[in-house]
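*Asks:* Here is a sequence with its predicted model. Questions after.
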Amino acid sequence: MRGKVSMVIAVVLVLSTLLAACGPKATPTPVPQPTTPPVQPTTPPVQPTAAPTVAPTTKPAPEFIEIGASIPLTGKFGSLGAMVKPGYEIAVADINAAGGVYVKEYGKKIPLRLTIYDDESDPTKAVSKMETLFAEQHVVAYLGGAGSDMHAATAAIAEKNKVPYLGIAFALYQIHQQGYKYLFSPFPKSPAQTRDVFEVLNTIPADQRPTKIAIFQEKTDWGAELGKMWVENAAKYGYNIVVHEEYTPRSADFSAMILKAKSAGADALFAVPVQPDGIAMFKQMAELGWTPKFSLIIRAPENVAWSETLGKIGDYATMFAGWHHGVKFPGVDKLNADHQAKFGRPADLLTGPAYACVQILADAIERAGTLDRDAIRDAIAATNMTTVIGPVTFNADGTGNVLNPLSQWINGKLELVWPPEHATAPLAYPAVPFDKR
Amino acid sequence: MSAKRITVLALVVAVVAVLAALPLFVKKDSTINLACLVLLYVALASSWNILGGYAGQTNLGHAAFFGLGTLVARFTWLGGWPLWAALLAGACVPVIFALIIGAPAFRLKGAYFAIGTLALAQVLYVTVANKWPLITSLPARYLATYRLMPRYYLFLAVAVFTVGVAYFLVKSRLGLGLMAVREEEDAAESLGVSGLRHKLLAFGVSAFLAGLAGGAFAFYHVGYYPQFPFSPAWTFDTMMAVYIGGTGTVVGPIIGAVFYVLVKELLALKVVEAHLIIFGILFILVVLFLPGGLLEAWSKIRSALGSRAKSRKAALPAG
């Protein structure tokens, strides 16, 4: 009996391999059907910023413009990948609904075809997926996944293969300091995050501003990068750092740092904890009775689990999350409506920047007038357009000049509080002490 | 030399020759990259199998040796050491670590030993994350000349060397001693086989080979956090490959690694959303019904076919 079962299992294993080999391919984005009349998207059509200089070719036009992404849909960055993927998909659907991207070389619009693979939040698997996208799909451009680990690996493969790469969901500036030519990131980086917090504080009347800042610095590359830049900018803007403590990620006890900040009279807190650390930190701050008037907590409060777990304790925490669905730029309403229809809520924090990546790429292809990767790379570098994340240009190191909005938890709702012209609510300041909420 | 041994030797030479010629025929980096991963897992699985399969000591901290090899080789290589020296250093440091922790760790038996090694690996994982928090990315000037082919040949050399060591180890006095310890340590001791010495030796060899694989990985990978190779996933993936193929054999880890990497990758590419679930089910099926791995299935298929042929022969009229 057992022998027969073993044989069955062996057959199942072989069949599963064959089944996988014959199965559907990745997740290509639907392309417009010939019978369906093209629908005009609400997003303004992409305008080329420079006259294309490419002459029409006699080569037959490809059926699709192939683009690809290796995204962490499972594993530790799975929740980030889940916000990025719909942004790419909705943007591709919108562009394809208008017929695709006009490529002068072929004298016609060509639809985009997006292939997405799950890299399981593993840089080695991400490398493998990137190579497959390059060799099998012949992508003209890569779209990035999420998380610094993943971008460090995938951006390097893009550089090796000389394929333009548009990535978001990482603020680590260090990745842009490797001399990469093909990496572009329309996403706020550490320099903007550490500068803008002082711009925000300066909007508070001088006699009410916090003056003593505590930095709880995570022992990671991003933590070190932010810590250093906060210190530099504090000196530049005239603020005092009274406590600057380091901690190991996934620490359970923050009480020593909190008591130090409390005894130093710190009235502002800057930190970049992962969510479990951020939640533990705030719970212990409430228990120990230290309420900073202003808290910039990058990363930890970026999803609803923050508010659900902490309740009122989580209120007043602010963050630079890269985007907010409340920004007033063309195309945001349509994106929110599409996201609402699909997921029952407006676009997530990373969905807008992901959507913008596709807008930027489509614009660059149109301006390049060709599917040549180097020409597209040069066109991306020369980007000057307005997207759902606002105006976008790029610096020589591939970092984007983009809006860096500040969000804040107010009464259990994530509001956009800065800059004022986009704000959905004014900055809630000073924070009410934890025991009086 | 018996005819069977000559056949096996010819088969091994042919397989290695085909693998060595692969980059001459396959030009796609994606395929070469996949082959690199297969060879990496062959090396890791075979190295784990020396302690886990032959000595019967379930080591849940294999990632620590792989990680140490990666860490040392990466920093020395990027620091300007010749590659061979970096690889050697990457292979030797895990041996030192293994010998230091081995003596106290082998005081633990069975599940306690497994948990102890897992804890040690986790300690290293956290320590490395704290000590070296910066991403180690290959700078653009390295990427400008980055080619997969030399990486592939390095992985091939490491995999062949590892399998070769495993093969000769099994045939050696040490290998027989390891298997005696695995089957019944007290009985082995009573016959003069030192359990601790044999296990320590196996631990050292296993760590050396894992460190060597780590060095190759350091030379191959374009960018990762230094703690990444210390992640327990490397241990569990390796163990899955060994269990799928069959523990305590030379061929089992090779078959397991090939199956594990190729099927998982194929599923990931073709059934994006559900590939982990499907692979998980496959693994559970193997563990439940093929405790001896795919090798067991193969031997059962062979014996089933053999007995059917015999009965058919017997049923035929004489003459």
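*Replies:* Here it is on my side, so go on.
*Asks:* Which strands and helices lie in contact with the strand or helix carrying B:Tyr153?
*Replies:* Here B:Tyr153, judged by DSSP states H and E, is contained in helix B:148-171. Counting contacts by 3 or more CB pairs under 8 Å, 6 or more residues apart in numbering or on different chains; DSSP states H and E, helix B:148-171 packs against helix B:3-25, helix B:29-49, helix B:195-220. Every C-beta, even on glycine, is put in place using the N, C-alpha and C of the backbone.
*Asks:* tell me which element A:Gly215 is part of?
*Replies:* If you look again at residue A:215, you'll see it is Ile, not Gly. Going by DSSP H and E, A:Ile215 is in strand A:212-218.
*Asks:* Name the residues that touch that strand?
*Replies:* Under the contact criterion CB atoms under 8 Å, 6 or more residues apart in numbering or on different chains, strand A:212-218 has outside partners A:223-224, A:226-227, A:230-231, A:234, A:239-247, A:249, A:254, A:257, A:260-261, A:264-274, A:277, A:281, A:292.
*Asks:* Does A:Tyr182 touch A:Ala156 like I think?
*Replies:* No - judged on CB atoms under 8 Å, A:Tyr182 makes no contact with A:Ala156 at a distance of 9.9 Å.
*Asks:* Now list whatever residues contact both of these two.
*Replies:* By CB under 8 Å, 6+ apart, no residue touches both A:Tyr182 and A:Ala156.
*Asks:* And for residue 207, the neighbour number?
*Replies:* Assuming you mean chain A. Using other CB atoms under 10 Å in any protein chain shown, A:Asp207 has 5 other residues around it.
*Asks:* meant chain B actually
*Replies:* B:Ala207: 32 neighbours (other CB under 10 Å).
*Asks:* list the contacts for it?
*Replies:* Residues near B:Ala207 by CB under 8 Å, 6+ apart: B:Phe65, B:Pro94, B:Val95, B:Phe97, B:Ala98.
*Asks:* now the helix or strand harbouring the first one: how far from the chain's centre is it?
*Replies:* Counting by DSSP H and E, the element that carries B:Phe65 is helix B:62-78. Centroid separation for helix B:62-78 versus its chain: 16 Å, with CA atoms, centre = their mean, to the nearest Å.
*Asks:* residues of that helix that come out buried?
*Replies:* Using 16 or more other CB atoms under 10 Å in any protein chain shown as the test for burial, helix B:62-78 gives B:62-77.
*Asks:* Mind checking if that helix is in reach of chain A?
*Replies:* No - using CB under 8 Å from any CB of the partner chain, helix B:62-78 stays clear of chain A, with a minimum separation of 11.3 Å.
*Asks:* pretty sure B:Glu185 is touching B:His198, no?
*Replies:* No - at 9.3 Å, B:Glu185 and B:His198 do not qualify as touching, with contact defined as CB under 8 Å.
*Asks:* low pLDDT regions in chain B?
*Replies:* Scanning chain B for pLDDT under 70 picks out B:1, B:315-319.
*Asks:* picking that back up, now the contacts of B:Ala207 as JSON lines including secondary structure?
*Replies:* Putting these into JSON lines (DSSP: H, G, I helix; E, B strand; the rest coil) gives the following:
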{"residue": "B:Phe65", "secondary structure": "helix"}
{"residue": "B:Pro94", "secondary structure": "helix"}
{"residue": "B:Val95", "secondary structure": "helix"}
{"residue": "B:Phe97", "secondary structure": "helix"}
{"residue": "B:Ala98", "secondary structure": "helix"}
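*Asks:* Using JSON lines, lay out those residues together with distance to B:Ala119.
*Replies:* Listed next are the contacts of B:Ala207 as JSON lines, based on distance: CB to CB, whole Å:
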{"residue": "B:Phe65", "distance to B:Ala119": "15"}
{"residue": "B:Pro94", "distance to B:Ala119": "17"}
{"residue": "B:Val95", "distance to B:Ala119": "20"}
{"residue": "B:Phe97", "distance to B:Ala119": "14"}
{"residue": "B:Ala98", "distance to B:Ala119": "15"}
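*Asks:* before we move on, the earlier item: now the element after the helix holding B:Tyr153, going C-ward?
*Replies:* Counting by DSSP H and E, the element after helix B:148-171 in chain order, helix or strand, is helix B:173-183.
*Asks:* Can you give me the neighbour number for residue 93?
*Replies:* Looking at chain A here, since you left the chain open. Neighbours of A:Ala93 using other CB under 10 Å come to 19.
*Asks:* meant chain B, my bad for not saying
*Replies:* 22.
*Asks:* contacting residues around A:Gly352?
*Replies:* So A:Gly352 contacts A:Gly87, A:Trp323, A:His324, A:His325, A:Val327, A:Val332, A:Leu335, A:Val388, A:Ile389 (CB under 8 Å, 6+ apart).
*Asks:* B:Ala98 and A:Tyr429: what is the separation?
*Replies:* Note on B:Ala98: its distance to A:Tyr429, by CB to CB, to the nearest Å, is 56 Å.
*Asks:* and for stretch A:406-424, what are the contacting residues?
*Replies:* With CB under 8 Å, 6+ apart as the criterion, stretch A:406-424 contacts A:196-197, A:200, A:203, A:301, A:304, A:306-307, A:311-312, A:314-321, A:324, A:326-328, A:349, A:403, A:405, A:425-428.
*Asks:* and that stretch, how far apart are its ends?
*Replies:* Taking CA to CA, to the nearest Å, the first and last residues of stretch A:406-424 lie 11 Å apart.
*Asks:* how about it: buried residues?
*Replies:* A:406-410, A:414-419, A:422-424.
*Asks:* what's the answer for stretch B:243-251, then?
*Replies:* B:Tyr243, B:Ile244, B:Gly245, B:Gly246, B:Thr247, B:Gly248, B:Thr249, B:Val250, B:Val251.
*Asks:* Closest to chain A out of the residues you listed?
*Replies:* Among the buried residues of stretch B:243-251, B:Ile244 lies closest to chain A (CB to the nearest CB), at 8.9 Å.
*Asks:* one step back: neighbour-wise, which of B:Ala98 and A:Tyr429 wins?
*Replies:* Taking other CB under 10 Å, B:Ala98 and A:Tyr429 do not tie; B:Ala98 has more neighbours (27 against 19).
*Asks:* Let me know the angle separating the helix or strand encompassing B:Ile96 from helix B:195-220.
*Replies:* Using DSSP H and E, the element containing B:Ile96 is helix B:83-105. Here helix B:83-105 runs at an angle of 150 degrees relative to helix B:195-220 (axes from the mean of the first three to the mean of the last three CA atoms, to 10 degrees).
*Asks:* list the helices and strands helix B:83-105 packs on?
*Replies:* So helix B:83-105, by 3+ CB pairs under 8 Å, 6+ apart, packs with helix B:62-78, helix B:110-131, helix B:195-220.
*Asks:* The strand or helix carrying A:Met83 packs against which elements?
*Replies:* Here A:Met83 sits within helix A:78-97, counting by DSSP H and E. Applying 3+ CB pairs under 8 Å, 6+ apart, we find helix A:78-97 packed against strand A:65-71, strand A:112-118, helix A:332-343, helix A:351-368.
*Asks:* Next, the buried residues of the third one.
*Replies:* Residues A:Val332, A:Lys334, A:Leu335, A:Asn336, A:Asp338, A:His339 are the ones in helix A:332-343 that count as buried (16+ other CB under 10 Å).
*Asks:* I appreciate the help and will end here.
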